[in-house]
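S.K.: Can you look at this prediction? I've put the sequence above it.
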Amino acid sequence: MGKTLTYKILEDHLLAGELVPGREITIRIDQTLTQDSTGTMVYLQLEAMDAGRVKTELSVAYVDHNTLQTGFENADDHAFIESVAKRHGILFSKPGNGICHQLQLENHGVPGKTLLGSDSHTPTGGGLGMIAIGAGGLDVAVAMAQGCYSLIVPKVLKVELTGRLRPWVSAKDVILYVLQQLTVKGGVGKVIEYTGEGLLSLSVTDRATIANMGAELGATTSVFPSDENTRAYLQSQGREGDYIPLAADADALYDETLRVDLSSLKPLAAKPHSPDNVDTVANIGAIKVDQVAIGSCTNSSYADLMKVASILKGRKVHTDVSLVIAPGSSSILRILARNGALADLIEAGARILENACGPCIGMGQSPRSGGVSLRTFNRNFKGRSGTLDAEVYLVSPETAAVSAVTGLLTDGTQSGIALAPTAPADFPKNDHFLVSPAGFDTENTAVAMGPNIKPFPQNTRLPDVLTAVVTLRAGDNITTDDIMPSDSRLLPYRSNIPYLANYCFEKIDAGFAERCRAAGGAVIVGGENYGQGSSREHAALAPLHLGVRFVLAKSFARIHRSNLINSGILPLTFEDPADWERLSQGLTLRIENARDGIAAPALTVAIKESGETLRARTGFSALEIAMLRAGGRINAIRDDARQQASAAGAR
Ligand code: MIC
Ligand code: SF4
């Protein structure tokens, strides 16, 4: 029986375990990436591990999220990251260079390699035939220190592409269609592998757009074969030598299949407030638009921005619309400046932003109250734009550009505008934003610690009896943006958990932090897909700081579940989802015998007030049990080190 591409790459990197869905394996990690808003915690943790030079082939520290520098905090964080990078042989990418995923694709992506990143959109690298996985910061710190990562073997879902996209329909519409079919939890526990003759017409940056938003499916990652389009892309980046052909075997067996006829797709949009709330632009109708934002790691490539420039050339942005554009990298901006496309954008009335995440993470450009914003980004969760009552729609660059001109949500196929083809470009090397890891020096480089950088919170050993008050009962699909909001006000405090914790769940329940402090031991009750969205471990560390001991939900998103375990917080699932109804806010729950209980398939949770009980599923691997008993991953690593030292002493 033939193999999927996913299993071929995993097998090639297998260090321990068996490639059987649901089992835990450990794989070798070739590359890591971090960005600044998760990176400060990653590097505090790396320092706590006493690591020397990183064990990966390449590790890169990007600064792209938190580049506003409204106070000393951001700049201090950047200096901190740069100093730790120098101590451990990590390539440092300065603010202004661009968005981590776009830069990694352009400069470092290599087919067949593994990449682990402290950002949920790390799977963008799947567009180049990599197994690129988003993870919590601590997992990435461990990957740098030890060169490996443990994960549950995913199932593989094949998306078979046939036909060819029509003009005005692009990669964004493909992934929006897949999201409409599979929903935001349809990819949990799966890798999405793309195959079929439809691939021929998709460039690497198209594929990267699709792989990027596989994160919104909850998938472990997405992967494309490496073929002649891959070679052409690497060649344009001056890296043809990195090309190798890669594909699944013709008779590979997949766990599930979804067929997508590219020719039948229409321009689509994800309506407020979820990436899977998808409809055709034509069905949604010509709603009035206040803002159009183009960029983000999903749609900020050279090809995307050239399409936008060609639509805007000789036209004007509608007087009622604010059009903002953030290019994905300084190289892209430089080419646009050289070939005149930048002038076309500016003449049309576009506002050019820094090459960074910017509005995608609420760093400026919040829409007006109740405003309609069309964004080429990947997430439209309520409030993420910085305006709680804004209506954010996710669209393709083509739809965004034509709508910016008409001032109305517009289906380009009906616009009468002919799309000009984009000429390919070569990317001249642009390394003036990079600080080389070559002269790394662990001993003689001091860690630059600004006053806002506080130690990360640490849990204590799991006690036998856990008593906790229900401080929040949440519904389905709670995002990490709900748990630990991020915007220009809060991002500067990513390295200060005690401060950040005051804002935990702020947008959906402002009293949460106070109630947790009063409870002296808290439990969060959640619905399906609890913790979907970003990889930010702050969504586990802030609750830890507030005394959350366990989370009881109907199901969990992959990265958040790992982050809870890494922090020593138990993620438990309801054996009977109907029990969710019984757990109202204020009840006190008690787990007896927790240390042994977490190794059994399920444990009993007692409700103090009524004396009733319910059953909660555990489902932890051996490694996870060890981490939970130790009170989190750092404690487990320290226990291991102590054991090894005493074994060595006894010899
Ligand atoms: C996001 O898009 O939500 C972020 C900001 O990039 C996060 C990381 C973070 O919260 O710092 C992500 O996707 O993991
Ligand atoms: Fe940055 Fe937005 Fe991409 Fe997150 S989704 S990495 S905030 S551009």
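M.R.: Perfect, I can see it now. Ligands and ions are numbered 1, 2, ... in the order given.

S.K.: From ligand 2, how far out is the nearest residue in space to residue 93 that is not next to it in sequence?
M.R.: Leaving aside its sequence neighbours, residue 93 sits nearest to residue 62 (Cβ to Cβ, 6 or more residues apart in numbering; 4.5 Å). Where you see a C-beta, it was placed from the backbone N, CA and C, and this is true even at glycine. According to Cβ to the nearest ligand atom, to the nearest Å, residue 62 and ligand 2 sit 9 Å apart.

S.K.: which parts of the stretch 351-500 of the chain sit against ligand 2?
M.R.: Contact residues, the stretch 351-500 of the chain versus ligand 2 (Cβ under 6 Å from any ligand atom): 357, 360-361, 377-378.

S.K.: returning to that earlier point: might you report the residue contacts of the residue nearest to residue 93?
M.R.: Taking Cβ atoms under 8 Å, 6 or more residues apart in numbering as the criterion, residue 62 is in contact with 33-36, 39, 93, 97, 99-100, 103-104.

S.K.: Show me the residues you listed that map onto helices.
M.R.: Using DSSP state H, the members of these that fall within helices are 36, 39, 100, 103-104.

S.K.: Most neighbours out of these, which is it?
M.R.: residue 39 (33 neighbours; other Cβ atoms under 10 Å).

S.K.: got the phi/psi numbers for the residue nearest to residue 93?
M.R.: phi -100, psi 150 (degrees, to the nearest 10).

S.K.: go on, residue 578?
M.R.: Per degrees, to the nearest 10, the backbone of residue 578 is at phi -70, psi -20.

S.K.: ok so, going back, tabulate the contacts of residue 62 (a markdown table), appending pLDDT.
M.R.: Formatted as a markdown table, the contacts of residue 62 follow (pLDDT from 0 to 100):
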| residue | pLDDT |
| --- | --- |
| 33 | 98 |
| 34 | 98 |
| 35 | 98 |
| 36 | 98 |
| 39 | 98 |
| 93 | 97 |
| 97 | 97 |
| 99 | 98 |
| 100 | 98 |
| 103 | 97 |
| 104 | 98 |
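
S.K.: Which members of the residues you listed additionally contact ligand 2?
M.R.: residue 99.

S.K.: picking that back up, any idea how far the residue nearest to residue 93 is from ligand 1?
M.R.: Residue 62 is 11 Å from ligand 1, by Cβ to the nearest ligand atom.

S.K.: ok, for residue 213, nearest residue in space, not its chain neighbours?
M.R.: That would be residue 175: by Cβ to Cβ, 6+ apart, it lies 4.2 Å from residue 213.

S.K.: who in the protein is up against ligand 1?
M.R.: 37-38, 65, 119-121, 361, 486, 533-536.

S.K.: Out of those residues, flag the one nearest to ligand 2.
M.R.: Of all the residues of the chain next to ligand 1, ligand 2 sits closest to residue 361, with 3.7 Å by Cβ to the nearest ligand atom.

S.K.: Would you pull up the residue in the stretch 301-450 of the chain closest to ligand 1?
M.R.: Taking Cβ to the nearest ligand atom as the measure, the stretch 301-450 of the chain has residue 361 as its residue closest to ligand 1, at 4.6 Å.

S.K.: what's near enough to touch that residue?
M.R.: Residues counted as contacts of residue 361 (Cβ under 8 Å, 6+ apart) are 37, 65, 384, 486-487, 491.

S.K.: rewinding a little: which of the residues of the stretch 351-500 of the chain next to ligand 2 count as buried?
M.R.: Neighbour counting with 16 or more other Cβ atoms under 10 Å marks 357, 360-361, 377-378 as buried within those.

S.K.: Could you export those residues as TSV, including secondary structure and pLDDT?
M.R.: Formatted as TSV, these follow (DSSP: H, G, I helix; E, B strand; the rest coil; pLDDT from 0 to 100):
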residue	secondary structure	pLDDT
357	coil	98
360	helix	98
361	helix	97
377	coil	98
378	coil	98
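
S.K.: Mind putting those into CSV with distance to residue 456?
M.R.: Below are these laid out as CSV (distance: Cβ to Cβ, whole Å):
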residue, distance to residue 456
357, 23
360, 25
361, 21
377, 29
378, 27
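
S.K.: per-residue confidence at the residue at minimal distance from the centre of the chain?
M.R.: For the chain, the residue nearest the mean C-alpha position is residue 120 (1.4 Å; Cα atoms, centre = their mean). Turning to residue 120, the model gives it a pLDDT of 98.

S.K.: Adjust the sequence numbering to begin at 23 for everything that follows.
M.R.: Got it, first residue is 23 now, which makes that one residue 142.

S.K.: Residue 579 is in contact with that one, correct?
M.R.: No. Contact criterion Cβ atoms under 8 Å: residue 142 and residue 579 do not qualify, at 9.2 Å.

S.K.: Spit out the residues that contact these two alike.
M.R.: Joint contacts of residue 142 and residue 579 (Cβ under 8 Å, 6+ apart) are residue 555.

S.K.: Where does the residue nearest to the centre of the chain sit: helix, strand or coil?
M.R.: Following DSSP: H, G, I helix; E, B strand; the rest coil, we place residue 142 in the coil state.

S.K.: Phi and psi next, for it.
M.R.: When read as degrees, to the nearest 10, the backbone of residue 142 gives phi -70, psi -20.

S.K.: tell me the contacts of it?
M.R.: Contacts of residue 142 by Cβ under 8 Å, 6+ apart are 156, 237, 555-557, 581.

S.K.: which of the residues you listed sit farthest apart?
M.R.: 156 and 555 (10.5 Å; Cβ to Cβ).

S.K.: Give me the pLDDT for the residue nearest to residue 115.
M.R.: Confidence score, pLDDT, at residue 84: 98.

S.K.: One more: the one 3 residues further on?
M.R.: For residue 87, the model assigns a pLDDT of 98.

S.K.: got it, and residue 463?
M.R.: Listed pLDDT for residue 463 reads 85.

S.K.: what sits against it?
M.R.: 108-109 are the contacts of residue 463 under Cβ under 8 Å, 6+ apart.

S.K.: now do the one 10 residues further on
M.R.: Residue 473 is in contact with residue 98, counting by Cβ under 8 Å, 6+ apart.

S.K.: Ignoring the adjacent residues along the chain, who's closest to residue 554?
M.R.: Residue 554 sits nearest to residue 579 (Cβ to Cβ, 6+ apart), 4.2 Å away.

S.K.: end-to-end on stretch 238-247?
M.R.: 21 Å (Cα to Cα, to the nearest Å).

S.K.: buried set for it?
M.R.: Quick answer for stretch 238-247 (16+ other Cβ under 10 Å): 238-247.

S.K.: what do you get for stretch 659-673?
M.R.: For stretch 659-673, the neighbour count (16+ other Cβ under 10 Å) marks 659-661 as buried.

S.K.: Send me that stretch as PDB with only the CA atoms.
M.R.: Below are the C-alpha coordinates for stretch 659-673, written out as PDB (Å, rounded to 0.1, in the frame of the first residue of the first chain):
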ATOM      1  CA  ILE A 659      12.200  18.700  32.500                       C
ATOM      2  CA  ARG A 660      13.800  19.700  35.800                       C
ATOM      3  CA  ASP A 661      12.700  16.400  37.400                       C
ATOM      4  CA  ASP A 662      14.300  14.500  34.400                       C
ATOM      5  CA  ALA A 663      17.500  16.400  34.800                       C
ATOM      6  CA  ARG A 664      17.700  15.700  38.500                       C
ATOM      7  CA  GLN A 665      17.000  12.000  38.000                       C
ATOM      8  CA  GLN A 666      19.700  11.800  35.300                       C
ATOM      9  CA  ALA A 667      22.200  13.700  37.600                       C
ATOM     10  CA  SER A 668      21.500  11.400  40.500                       C
ATOM     11  CA  ALA A 669      21.800   8.300  38.300                       C
ATOM     12  CA  ALA A 670      25.100   9.500  37.000                       C
ATOM     13  CA  GLY A 671      26.200  10.200  40.600                       C
ATOM     14  CA  ALA A 672      25.300   6.600  41.700                       C
ATOM     15  CA  ARG A 673      27.400   5.100  38.900                       C
END
